[in-house]
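Asks: Sequence first, predicted model second:
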Amino acid sequence: MRKQLLLFLLMALLLTFGTVEAQEHQLVDLAQVNPRIIIELKYATTDNFLKQKIYTDNTCYVLGILANKLDQAQKLLEQDGLGLKVYDGYRSVEAQKKMWAICPDPRYVANPYKGGSNHCRGAAVDLTIIDKDGNEMEMPTPFDTFAERAHQYSLAPTSQQRLNRMLLRTVMKQVGLQSIRTEWWHYQLPNANKYPIINKGGF
């Protein structure tokens with residue numbers, strides 16, 4: 001009887017672990033994980049480099065594992081009265097193709113025909129920091145500025161802009177996310193390209 005009970009408990013533990021792991025690798029609504037994170041998807045508006053709305057709504061999906069890390073980052077920032085604002089999360093392959101057609105520059109837009117974007121995997125996010133009043137902190141450039149000034153380690157921005165950029169980078173690294181060289185706003189899971197492309201319709 002004791003052996004049967006131990007076997008049952010072991011199986012239950014393995015099933016629970018498997019369920020949690022599966023959830024971490026599925027798309028989730030970030031607002032459901034932490035409703036205090038401000039969602040302002042630029043591609044759900046015309047305020048983007050495409051100058052057109054390509055998302056159907058302002059719902060931000062990311063992989064569960066990424067959502068949990070963003071939840072941790074939000075809680076860290078809240079200790080200083082700050083928070084996160086998210087510009088972009090999961091992006092469909094169709095949306096990525098539109099971007100590539102307008103800006104076929106692999107420094108700034110991932111080629112959807114050669115590996116695709118980590119946004120299409122739900123493994124990347126574009127974001128900034130807001131103050132206690134909900135105002136965006138001053139960063140080197142606006143979102144989606146394709147210029148060297150927007151690069152992660154550019155010295156062109158003002159000292160305050162560099163400090164704010166470093167704060168964002170420090171918090172993101174603390175929760176286990178990685179930056180890319182050309183965009184101060186972009187963070188992703190380690191080895192993000194190992195995750196499969198997800199073609200969820202409606203984005």
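Replies: Nice, I can see it.
Asks: Excluding covalently adjacent residues, which one is nearest to Ala123?
Replies: Excluding the flanking residues, the one nearest Ala123 by Cβ to Cβ, 6 or more residues apart in numbering is Ala192, at 4.0 Å. C-betas here are computed from N, CA, C, even on glycine.
Asks: for Lys69, that is, sorry about that
Replies: Val175 (4.5 Å).
Asks: Geometric centre of this protein: which residue is closest?
Replies: Residue closest to the mean C-alpha point of the chain, counted by Cα atoms, centre = their mean, is Val125 at 1.5 Å.
Asks: who's in contact with that one?
Replies: With contacts taken as Cβ atoms under 8 Å, 6 or more residues apart in numbering, Val125 has the following neighbours: 62, 66, 70, 86, 88-89, 177, 186-188.
Asks: Give me the subset of the residues you listed that lies in strands.
Replies: Among the contacts of Val125, the members falling in strands (DSSP state E) are 62, 86, 88, 186-188.
Asks: which residues sit in contact with the closest residue to Gly176 other than its chain neighbours?
Replies: Leaving out its chain neighbours, the residue that sits closest to Gly176 by Cβ to Cβ, 6+ apart is Lys69, at 5.8 Å. If you count contacts by Cβ under 8 Å, 6+ apart, Lys69 has them with 175-177, 189.
Asks: Quick one: buried ones out of the ones in strands among the contacts of Val125?
Replies: 62, 86, 88, 186-188 (16 or more other Cβ atoms under 10 Å).
Asks: Sort out which one of the residues you listed lies nearest Ile198 for me.
Replies: Closest to Ile198 out of these is Val62 (10.5 Å), distances taken as Cβ to Cβ.
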